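Colleague: from the sequence below, what's the structure:
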Amino acid sequence: MRVIISGGGTGGHIFPAISIANALKEADPSIEILFVGAQGKMEMEKVPAAGYEIVGLPVAGFHRKLNLRNIGRNLLFPFRLVSSLIKASSVVKNFKPDVAVGVGGYASGPVLQRAAKNGVPCLVQEQNSYPGVTNKILAKDAKKICVAYPNMERFFPQEKIIMTGNPVRQSLLAPVDRAEALKAFGLEEGKPVVLVIGGSLGARSINQGILATLNDLPDDVQLLWQTGKIYYDGIKAELDKNPRSNVHASDFIKRMDLAFGIADIVISRAGASSISELALLGKSSILVPSPNVSEDHQTKNAMALVNENAALMVKDADSQTLIKESLKALADKDNLAKLGENIKKFARPNAAADIAREVMSLVEGK
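Modeller: Model (predicted):
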């Protein structure tokens, strides 16, 4: 069996895609898998690191927020799209996939469109409670649509929808030696740890809110902070002016299993994949929905948990209260424990295997 998996742009698309690939290989090691992503995006690094081949397309998104830079990018959009469709046609023709999987993101559009046109059955995996533009367009050609939230018939044909949940990085489930994890980040035993992860690319507002209020962080509470690559140098320069032994900042945390393992509370965006990981691990969290997403779907994601006392929420505009809210949450140990227990109800630990079975059934049913 030959499978194309396409999409990416952020960790929220890439890591589920890799999890699906791993589940397919676990089910049948003979399966051949080719990833297709967008040139210059993080999938071009993360996918090969996971052991899979990837082809890059020159595709890029259409920017709705208009400024001089984005206007220039938008003028190139049709040319990049046509070029991507031509390259996607070539990839489909040469690889000859038995099935194509789209996980969202720019690259999945041209690939699944060309695959469907060539009679290849397609499966779409939608992570969020409000689907992206690409997946909405692809839905008409898809045979199956795997989702993580109820009521998705508002956007997709009901007969195609399968509730599977979102795949997560299985590496996160490995047992963690707390002493080893603390040592890896230069942190101390006996002091609570606040983990800040503003998404795989970082979050400017969260970073600014944390940086502006670092003086509110007491010495007996530790901060483990993923800043995102584009923000790291500026934050490091500020931290160097007033070094704090209880603050460990890095552009990207490679060993998220260790980071989650020692975190007493997690500050995170409310993307679907992030929530799925928090739920699977039972981590108490403060969710900060991004305001820069379609239909404010991250707030909807977060409120589904808040309403069940499974997470706390702070608005993006109130990011300067994050340290204060973290300290308040840590002080209420009973509710902190309840948050961790309640979020487990949202976990779907077998999502990747369930999606892999649906992918394989499309080939078996041809």
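
Colleague: name the nearest residue to L278, ignoring sequence neighbours.
Modeller: Leaving aside its chain neighbours, L278 sits nearest to S285 (5.1 Å; criterion: Cβ to Cβ, 6 or more residues apart in numbering). Bear in mind the C-beta positions are built from the backbone N, C-alpha and C, glycine included.

Colleague: please verify my assumption that that neighbour contacts L312.
Modeller: Yes: using Cβ atoms under 8 Å, S285 makes contact with L312 at a distance of 7.1 Å.

Colleague: got any residues that touch both of these two?
Modeller: Both S285 and L312 are in contact with L339, where contact means Cβ atoms under 8 Å, 6 or more residues apart in numbering.

Colleague: got the phi/psi numbers for L223?
Modeller: phi -120, psi 120 (degrees, to the nearest 10).

Colleague: ok, back up a step: S285 and L312: which is more packed in?
Modeller: More crowded of S285 and L312, by other Cβ atoms under 10 Å: S285, with 28 against 22.

Colleague: report the contact partners of the more buried one.
Modeller: 265-268, 278, 311-312, 339, 343.

Colleague: these in helices, which ones?
Modeller: Using DSSP state H, 278, 339, 343 are the members of the contacts of S285 that sit in helices.

Colleague: quick one: the last one from L280, how far?
Modeller: Note on I343: its distance to L280, by Cβ to Cβ, to the nearest Å, is 9 Å.

Colleague: equivalent analysis for V124, please.
Modeller: Separation of V124 from L280 (Cβ to Cβ) stands at 22 Å.

Colleague: now do E26
Modeller: Taking Cβ to Cβ, one finds E26 at 17 Å from L280.

Colleague: with neighbour numbers in mind, choose between these two.
Modeller: Using other Cβ under 10 Å as the criterion, E26 and L280 rank with L280 on top: 23 against 13.

Colleague: leaving out sequence neighbours, find the closest residue to that one.
Modeller: By the measure of Cβ to Cβ, 6+ apart, the closest residue to L280 outside its immediate chain neighbours is A347, 4.5 Å from it.

Colleague: quick one: residues contacting that neighbour.
Modeller: By Cβ under 8 Å, 6+ apart, the contact set of A347 is 165, 276, 279-280, 282.

Colleague: take the residues you listed and keep only those in helices.
Modeller: Judged by DSSP H, the contacts of A347 include 276, 279-280 as members of helices.

Colleague: what about A179, neighbour count?
Modeller: Using other Cβ under 10 Å, A179 is surrounded by 10 other residues.

Colleague: helix or strand for it, which one?
Modeller: Per DSSP states H and E: A179 is located in helix 178-184.

Colleague: still on that earlier bit, can you lay out the contacts of S285 as CSV showing distance to G198?
Modeller: Below are the contacts of S285 laid out as CSV (distance: Cβ to Cβ, whole Å):
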residue, distance to G198
I265, 15
V266, 11
I267, 8
S268, 8
L278, 14
A311, 16
L312, 16
L339, 20
I343, 19
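
Colleague: where does pLDDT dip in the protein?
Modeller: 60-81, 200, 294, 365-366 (pLDDT under 70).

Colleague: flag every buried residue along the lengthiest strand in the chain.
Modeller: If you go by DSSP state E, the chain has its longest strand at strand 32-38. Residues of strand 32-38 classed as buried: 33-38 (neighbour count, 16 or more other Cβ atoms under 10 Å).

Colleague: partners of the residue nearest to L278 in the sheet?
Modeller: Note on S285: beta-bridge partners by DSSP bridges are V266.
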